[in-house]
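K.L.:
predicted model follows, preceded by the sequence.
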Amino acid sequence: MNKTQLKKIKKTILKKEILVFDQLTKKQKTELFKFSESYKNFLNQSKTEREAARQIVQIATAKGFVDIDTLLTKKPKNSQKVYKIFQGRCVALAILGKETLVSGANIIASHIDSPRLDLKQNPVYEDLSIGLMKTHYYGGIRKYHWLAVPLALHGTIITSHNETIDITIGEDPDDPVFTVTDLLPHLAGKTQANKKLSEVFEGEKLNLIAGSIPLGNDEEKNRFKLGVLNLLYEKYGFTEEDFISAEIEAVPAEKARDVGFDRSMIGSYGQDDRICAYTSLEAILDTQHPNKTAIALFFDKEEIGSEGSSGAKSNFLEDFMSDLLFIKGQNTDNRCLRKALINSSCLSADVNAAMDPDFKDVHEAMNAAKLGFGICMTKFTGVGGKSGSSDASAEFVGKIRQMFNKNKIVWQTGELGKIDQGGGGTVAKFLAKSGMNVLDCGPAILSMHSPFEVSSKADVFMTHLGYKAFYSDNG
Ligand code: MN
Ligand code: MN
C-alpha cells in the first residue's frame, strides 16, 4: 500500500477531532467574540435562578414571546411565541411549530440554579464583637473556594405584611461585600495539616461577616447582632422574623471576565449551567417558523437533585405541554399529552468536565471532553457502572450526530471522568421518564462548580449554533 492509499484509508476510517478555532471563518470569529460579550452580560445579570428566570422572560418578551396564559382565551398566531414562568424560578419558552404537537416537540432543557451559600432561616448572630450570618451551602461546593473572597447577597424576602423585597448587595463597586474568613497559614498547622481535606472545612463554619458597629451601649446584650438587624430594617425594611420566608444567596461578587492574553476564554461564576441556558435562549430566539414546536426549558434545583416543584422531577413540562396542546386547539386528553411527550426529542443541555492539564489523571483521555473542541455529546452519565444514567439510544445519538455533521457543528464526545473516579448526573433521566429521546449535550468547562468556572468562547459559540440547528433541523 502506498502513502496516498494509506492517507485515503485513514481519512475514511478514523474519527476526526476538530478544534473549533481551526474551522471558523473570519466572519464567524467576529460573531463569536460579539456573542461572548452578550453572554458575559447575561451572566452578570443572572447570578441566581430568580434573576436568570427574570432575564430570560425579559429578553424573550422583547422578542415577541407572550405569557401563555393570555392565549388561553384567544387564538394563537402562526409560529406563536409563548413563555411560562413558574414560582419565579423556572421558565419555559416555546414557538409553535407547523406540525401537530402530538408528533412531538424539539426540547432543550438546561438549569439556572448554581452552587452557592444560602442564608439560614435564623442567620444573624454575633461573636467576639462581630455581626455574622449563618449559611447553608447549596449544591456540590468545594468549601474552601468560599473562604476569603468577596461575596454578594442576592435574594427575595416575603415580609409579615406579605410585601416582596428583592435585594442585591455587593455587585455595585460602591456596595459593601461580605466574606467568610479563613485561618491564617501561621496557625493552620496543628488544626488542619494532618486532617483529611473533607474534614478541614466545616459547613457550619461558612459564616459571613456582616458588620462590627454595635447598636446601643456596652450594657446592651447582642448589640452587634442588633446593629446588623437594625441596618437591614432601616435600609431594606425587613425584620429578623422575615428571614424565615426569604431566599437569600451569597454568590461571588465578581463579574464575568475574559481569560487569557487572546481573550479566548470566559471565567465566571455560574456557567454551570447558565452557559446552556443562554446559548439555548439565543437559539430559540433565532428560530423562525419551525416545523416541530421548539421548546426551551430552564429548570431550577438541578444542583440538589432536581427536586421540588420548580425542578425537572416536577410536572412543569407536562403542564406546559398541555397548555401548548390547548392553545394549538388540539386534543388535551391524557393520551395526546403522553404522545406529545413520548414523540419529543430532547437535548439535556448541561456542562461536562473538560480535561484539566493539572488533573489529567481523573480523566480517561480517549473519552474525555477537551476545551475548544466544540459541543460535547455525552451518551451517558452516572456513577460506577453507569448507575443513575438514562443512557441515550444509539439511534438518537446517531440522529443528532448526523444533524450536527450536516450543519457543520463541531462536536466531540465526553465521559465525566475515569470509571469509578466519581461521577454525576443531569436532568436527562427525569425527562427520559416520559419516553422521549434525551441526549446530554453541552460545552465542557474547567473548574466546574467553582466560583470561577472557565469556558472556551469557541465552545460557547458552537453550542449556540448546535442548539440552533437542533431547533430548525431535527425533523
Ligand atoms: Mn449542571
Ligand atoms: Mn452542576
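P.N.:
Arrived safely, thanks for sending. Ligands and ions are numbered 1, 2, ... in the order given.

K.L.:
buried ones in the longest helix anywhere in the chain?
P.N.:
The helix spanning the most residues in the chain, taking DSSP state H as the definition, is helix 26-45. Buried positions in helix 26-45, judged by neighbour count with 16 or more other Cβ atoms under 10 Å: 28, 32, 35-36, 39-40, 42-44. All C-beta atoms are positioned from the backbone trio N, CA, C, and that covers glycine.

K.L.:
who touches it?
P.N.:
Residues outside helix 26-45 that contact it (Cβ atoms under 8 Å, 6 or more residues apart in numbering) are 21, 24, 51, 55, 171, 255-258, 263, 266, 268-271, 274-275, 278-279, 281-282, 457-458, 460-461, 464.

K.L.:
going through these, which ones are buried?
P.N.:
Here, 16+ other Cβ under 10 Å leaves 21, 24, 51, 55, 171, 256, 258, 266, 268-271, 274-275, 278-279, 281-282, 457-458, 460-461, 464 buried among the contacts of helix 26-45.

K.L.:
in helices, which of these appear?
P.N.:
Judged by DSSP H, helices contain the following of these: 21, 51, 55, 271, 274-275, 278-279, 281-282, 457-458, 460-461, 464.

K.L.:
mind listing what's buried in stretch 158-176?
P.N.:
Under 16+ other Cβ under 10 Å, the buried positions of stretch 158-176 are 159, 167, 169-171.

K.L.:
and the residue in the stretch 351-475 of the chain that ligand 1 sits nearest to, its phi and psi?
P.N.:
Ranking the residues of the stretch 351-475 of the chain by distance to ligand 1 (Cβ to the ion) places Val351 first, at 5.4 Å. Note on Val351: backbone dihedrals following degrees, to the nearest 10 are phi -80, psi 160.

K.L.:
can you count the residues close to it?
P.N.:
By other Cβ atoms under 10 Å, 28 other residues sit near Val351.

K.L.:
list the contacts for it?
P.N.:
By Cβ under 8 Å, 6+ apart, the neighbours of Val351 are 271-273, 275-276, 442-445, 448.

K.L.:
what about 10 Å?
P.N.:
110, 271-276, 369, 376, 378, 416, 426, 440, 442-445, 448-449, 453, 455, 459, 463 (Cβ atoms under 10 Å, 6 or more residues apart in numbering).

K.L.:
how close does it get to Ala210?
P.N.:
Distance, Val351 to Ala210, using Cβ to Cβ, to the nearest Å: 33 Å.

K.L.:
try Thr191
P.N.:
With distances taken as Cβ to Cβ, Thr191 is found 25 Å from Ala210.

K.L.:
now Val180
P.N.:
Applying Cβ to Cβ, the value for Val180 to Ala210 is 11 Å.

K.L.:
need the residues touching each of these two.
P.N.:
In contact with both Val180 and Ala210: 132-133, using Cβ under 10 Å, 6+ apart.

K.L.:
the more surrounded of those two?
P.N.:
Ala210 (25 against 22).

K.L.:
now do the helices in the stretch 1-150 of the chain.
P.N.:
With helices called from DSSP state H, counting those that start in this stretch, the stretch 1-150 of the chain shows them at 3-13, 20-23, 26-45, 49-62.

K.L.:
out of the ones you listed, nearest to ligand 1?
P.N.:
Ligand 1 sits nearest to helix 49-62 of all the helices of the stretch 1-150 of the chain, at 12.3 Å, using Cβ to the ion.

K.L.:
now do the buried residues in that closest one.
P.N.:
Buried residues in helix 49-62, counted by 16+ other Cβ under 10 Å: 49-57, 59-60.

K.L.:
equivalent analysis for stretch 64-80, please.
P.N.:
By neighbour count with 16+ other Cβ under 10 Å, stretch 64-80 contains the buried residues 65, 68, 71, 76, 79-80.

K.L.:
from these, which two are the most distant?
P.N.:
Ile68 and Ser79 (14.6 Å; Cβ to Cβ).

K.L.:
OK, contacts around Met448?
P.N.:
Counting by Cβ under 10 Å, 6+ apart, Met448 makes contact with 115, 140, 271-273, 351-354, 356, 416, 424, 454-455.

K.L.:
count of residues packed around Ile9?
P.N.:
11.

K.L.:
for Asp258, see how far away it is.
P.N.:
Ile9 is 42 Å from Asp258, by Cβ to Cβ.

K.L.:
ok, the residue nearest to the spatial centre of the chain - contacts?
P.N.:
Nearest to the geometric centre of the chain sits Asp273, at 2.0 Å (Cα atoms, centre = their mean). Applying Cβ under 10 Å, 6+ apart, we find Asp273 in contact with 52, 109-114, 280, 298-299, 302-303, 349-351, 426-427, 442-443, 445, 448.

K.L.:
contact residues of this protein facing ligand 1?
P.N.:
272-273, 350 (Cβ under 5 Å from the ion).

K.L.:
got the end-to-end distance for stretch 324-338?
P.N.:
Start-to-end span of stretch 324-338 (Cα to Cα, to the nearest Å) is 13 Å.

K.L.:
give me the contacts around that stretch.
P.N.:
Applying Cβ under 10 Å, 6+ apart, the contact partners of stretch 324-338 are 68-76, 80, 82, 84, 92, 94, 96-97, 100-102, 105, 293, 295, 318-319, 321-323, 339-340, 434-435.

K.L.:
how about a cut-off of 7 Å?
P.N.:
Stretch 324-338 is contacted from outside by 68, 71-72, 76, 94, 96, 100-102, 293, 318, 321-322, 340, using Cβ atoms under 7 Å, 6 or more residues apart in numbering.

K.L.:
go through that stretch and flag the buried ones.
P.N.:
Using 16+ other Cβ under 10 Å as the test for burial, stretch 324-338 gives 324-325, 327-328, 330-332, 336-337.

K.L.:
isn't Met436 up against Leu347?
P.N.:
No: the pair Met436 / Leu347 is not scored as a contact, 10.9 Å apart, by Cβ atoms under 7 Å.

K.L.:
give me the more crowded residue out of these two.
P.N.:
The neighbour comparison of Met436 against Leu347 (other Cβ under 10 Å) goes to Leu347, with 31 against 19.

K.L.:
what's across from the more buried one in the sheet?
P.N.:
Counting by DSSP bridges, Leu347 is bridged to Ile108, Leu439.

K.L.:
what would the residues of the chain next to ligand 1 look like in JSON lines with pLDDT?
P.N.:
Formatted as JSON lines, those follow (pLDDT from 0 to 100):
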{"residue": "Asp272", "pLDDT": "97"}
{"residue": "Asp273", "pLDDT": "96"}
{"residue": "Asp350", "pLDDT": "97"}
